[in-house]
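Asks: below: sequence and its predicted model.
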Amino acid sequence: MLVWFVGAAVCVSVVYIAVRPFIVERRRTAIGPSERHRAKGEFVQLSQGVTHCRWAGSARGPVAVVVHGVASPMISMEGVADGLGRLGYRVLMYDLYGRGLSDAPKGKQDRAFFLRQLSDLCAYHGLTEELTIAGYSMGGSIATAFATEYPHSVKRVILLASAGVVTKESRFSRFCRRVPWLGDWAHAMFAHRRILKAIPARGNGRDVDAVSRAQQSQLNRRGYLPAILSSRRGMLAERQENDHRKLWRQGIPVTAIWGEADPVIPLRAVGLLGLWNRDARQEVVTGADHGLPYTHSAEMADALRAAMREV
């Protein structure tokens, strides 16, 4: 009898451990109407769900659309929007699905998934040509893919510490990405703690503090962690050599800015992109890590201004 009780207790414990992270995910808070009501910008119903977007920069002028990275919402692109606004651009920012205040629809977050959101958003705002697409980290992959899919709509591509060239991936992220089921469990169980630990408790300025607060808030939102894993298995799994070679053949100008001390996107990305696109204009921001759009926004804006002048 004792053996039976011990065995039953062990079974119950194993089942609890197996399902606990998914129960925790279901209990996380969904985006509420009051939260959206207080937010700046607008909420647009697109084919896959509601997307939060906002205009910034110049009231008139050419349009630039900026795309944020895998983990931070569009607030991480405030410095980019400000820099482009100073160059005379009218800038459209938006939250990718599963981040910020946009919906978190289910499904694989691959190339088609993100291009559909961006193309839907452009169609909603009547943006059909002469677009500058600026993307940071995974947003750079999305910007690159969008330009190759819609070359007649894109005038210029700006890449900031862009994924899709070469990326240093942790063993944990690699395991979760490659291993089905068990990888899902490990990500649901441990990713919250790992991401929280990576967020700076105190920043070096207003932009860093704002992004840190937004990241911490997202961690407790339903759909955020599954979106991160789905993106790693989808959009972030792409190596975009063919896309970059295609942009070069199509003659679409590409400006790429990298962080000198980036632990995620190593500097050898500069050489690889140069091989794939001989005309790409590249700049390196001294001392910047992977958070360069908000940790080194002034230096990034200077590099962007210099690169755009030469283009």
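Replies: Arrived safely, thanks for sending.

Asks: pull the contacting residues for the residue most central in space within the chain.
Replies: The centre of the chain sits closest to Gly69, judged by Cα atoms, centre = their mean, with a distance of 1.7 Å. Neighbouring residues of Gly69 by Cβ atoms under 8 Å, 6 or more residues apart in numbering: Ser76, Tyr136, Ser137, Met138, Gly139, Ala163. C-beta here means a position set from N, CA and C on the backbone, and glycine is covered the same way.

Asks: so the last one is in which element?
Replies: Taking DSSP states H and E as the definition, Ala163 sits outside all helices and strands.

Asks: tell me the strands beside the strand ranked longest in the chain, with direction?
Replies: Assignment by DSSP state E gives strand 49-57 as the longest strand of the chain. Strand pairing for strand 49-57, using DSSP bridges, gives strand 42-46 (antiparallel), strand 90-94 (antiparallel).

Asks: can you name every helix or strand that the next helix or strand after that strand contacts?
Replies: Going down the chain from strand 49-57, the next helix or strand is strand 63-67, by DSSP H and E. Secondary-structure packing of strand 63-67 (3 or more Cβ pairs under 8 Å, 6 or more residues apart in numbering; DSSP states H and E): helix 78-86, strand 90-94, helix 111-124, strand 131-136, helix 138-149.

Asks: can you report phi and psi for Gln216?
Replies: Here is the backbone geometry of Gln216 (degrees, to the nearest 10): phi -60, psi -40.

Asks: what about the nearest residue to it once chain neighbours are set aside, neighbour count?
Replies: Using Cβ to Cβ, 6 or more residues apart in numbering and skipping residues adjacent in sequence, the residue nearest Gln216 is Ile199, 6.0 Å away. As a burial measure, Ile199 scores 17 neighbours (other Cβ atoms under 10 Å).

Asks: if we can go back for a sec, export the longest strand of the chain to PDB, keeping only CA atoms.
Replies: What follows is strand 49-57, C-alpha atoms only, in PDB (Å, rounded to 0.1, in the frame of the first residue of the first chain):
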ATOM      1  CA  GLY A  49      -5.900  40.500 -35.300                       C
ATOM      2  CA  VAL A  50      -5.700  44.000 -33.800                       C
ATOM      3  CA  THR A  51      -2.400  45.900 -34.400                       C
ATOM      4  CA  HIS A  52      -1.300  48.900 -32.300                       C
ATOM      5  CA  CYS A  53       0.300  51.500 -34.400                       C
ATOM      6  CA  ARG A  54       1.400  55.200 -34.000                       C
ATOM      7  CA  TRP A  55       2.700  57.900 -36.300                       C
ATOM      8  CA  ALA A  56       5.700  60.000 -35.300                       C
ATOM      9  CA  GLY A  57       8.200  62.300 -36.900                       C
END
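
Asks: pull the helix or strand with minimum mean pLDDT from this protein.
Replies: helix 2-27 (a mean of 57; mean pLDDT, DSSP states H and E).

Asks: show me what the following helix or strand past that one is packed up against.
Replies: As assigned by DSSP H and E, the chain's next helix or strand after helix 2-27 is helix 33-38. With contacts taken as 3+ Cβ pairs under 8 Å, 6+ apart, helix 33-38 sits against no other helix or strand.
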